[in-house]
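# sequence? don't have it. structure:
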Ligand SMILES: C[C@@]1(CC(=O)O)c2cc3[nH]c(cc4nc(cc5[nH]c(cc(n2)[C@H]1CCC(=O)O)[C@@](C)(CC(=O)O)[C@@H]5CCC(=O)O)C(CC(=O)O)=C4CCC(=O)O)c(CCC(=O)O)c3CC(=O)O
Ligand SMILES: NC(=O)C1=CN([C@@H]2O[C@H](COP(=O)(O)OP(=O)(O)OC[C@H]3O[C@@H](n4cnc5c(N)ncnc54)[C@H](O)[C@@H]3O)[C@@H](O)[C@H]2O)C=CC1
């Protein structure tokens, strides 16, 4: 099993080595997460040029990863991707290897998103079309922002009252959320009553 985790990296530096199609896709994902993205590649494709990134238009050199919080090795040269991955690993920086995900320490999932909820999907192998199809299937199941706001307000309110009233309010909220999603309530389960 891999560790499923969500990283908060707003404002942190990401280094993407490579300036092609895959580098552009990864750079967009990292920019969406609020990262400061640097591209290093001798030849930068048009899809990278339009992005708000800094570009060093040259080949990768050892030492380029200093200060990075995350690294992507996305060149079309497997040996360069291996060297970038080795340097990142030696520095303890999470790294995605575009050609052989298993050589790196970070995989990119497909993501279903709505109202701030994100469901990240990995197949545990290389089946991006399955991951994307599952994300498409899951997206309509996610609640909208209005429901999320209302539930958050109810939870915040419940946390301000005494423990007995809180337990009742939270149990009611739990069941309302479950009912909204088409799931059975929890009031009866496990209690035997
Ligand atoms: C291992 C992994 C990478 C990793 O995590 O390191 C990987 C590997 C490979 N992808 C390949 C091809 C394509 N991948 C996409 C798109 C996405 N690929 C993504 C994830 C992953 N892809 C990880 C596994 C996820 C899993 O299975 O759990 C998504 C979900 C997330 C993201 O990329 O951010 C993103 C959808 C974003 C969205 O939803 O918008 C498209 C474009 C498209 O389909 O439109 C193409 C075809 C065009 C092209 O070439 O670009 C190939 C080449 C062989 C093949 O075609 O299969 C390899 C294998 C290799 O490289 O050897
Ligand atoms: N994970 C994924 O979703 C996918 C991964 N791949 C893998 O990613 C690799 C890259 O694919 P594309 O972006 O389509 O390639 P591409 O040909 O569009 O771009 C390759 C980029 O690597 C750069 N580059 C080459 N040598 C370099 C060096 N020494 N230092 C820095 N940059 C260097 C080039 O200048 C170019 O910008 C493929 O070879 C394949 O292994 C391919 C398809 C999908």
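Done, it's in. This one's a predicted model, so the numbers in the text were calculated from it and none came from an experiment. Ligands and ions are numbered 1, 2, ... in the order given.

# Helices of the protein, start to end?
Remark: helices assigned in the chain by DSSP state H are 21-32, 46-49, 78-91, 128-138, 145-158, 163-180.

# export those helices to TSV and tack on mean neighbour count and distance to residue 66?
The way it works is simple: take the backbone N, C-alpha and C, and place the C-beta from them, glycine included. Shown next, in TSV, are those (neighbours: other C-beta atoms under 10 Å; distance: least, C-beta to C-beta, whole Å):
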stretch	mean neighbour count	distance to residue 66
helix 21-32	19	18
helix 46-49	14	22
helix 78-91	18	8
helix 128-138	14	31
helix 145-158	13	40
helix 163-180	13	46
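
# How about the contacts made by the nearest residue to residue 110 once chain neighbours are set aside?
Spatial nearest neighbour of residue 110, excluding adjacent residues (C-beta to C-beta, 6 or more residues apart in numbering): residue 131 at 3.7 Å. Residue 131 sits next to 109, 110, 121, 122, 123 when contact means C-beta atoms under 8 Å, 6 or more residues apart in numbering.

# circling back: between the helices of the chain, which one is nearest to ligand 1?
Ranking these by distance to ligand 1, with C-beta to the nearest ligand atom as the measure, places helix 128-138 first at 3.4 Å.

# Report whether the helix-or-strand element of the chain with minimal mean pLDDT contacts ligand 2.
The helix or strand of the chain with the lowest confidence, counting by mean pLDDT, DSSP states H and E, is helix 46-49 at a mean of 94. No. Helix 46-49 stays clear of ligand 2 (C-beta under 6 Å from any ligand atom), getting no nearer than 7.5 Å.

# is any part of that helix close to ligand 1?
No. Shown here: helix 46-49 not in contact with ligand 1 (C-beta under 6 Å from any ligand atom), separated by at least 10.7 Å.

# Show me how far that helix is from its chain's centre.
Here helix 46-49 is found 22 Å from its chain centre; the criterion is C-alpha atoms, centre = their mean, to the nearest Å.

# From the contact counts, what lies against it?
helix 21-32 (3 or more C-beta pairs under 8 Å, 6 or more residues apart in numbering; DSSP states H and E).

# So which bits of the chain are right by ligand 2?
Residues of the chain lying near ligand 2 (C-beta under 6 Å from any ligand atom): 17-23, 40-45, 59-60, 74-77, 80, 98-99.

# ok, and of those, which contact ligand 1?
Restricting the residues of the chain next to ligand 2 to those touching ligand 1 (C-beta under 6 Å from any ligand atom) yields 21, 22, 98, 99.

# Where does pLDDT dip in this structure?
187-193 (pLDDT under 70).

# I am finished for the moment; much appreciated.
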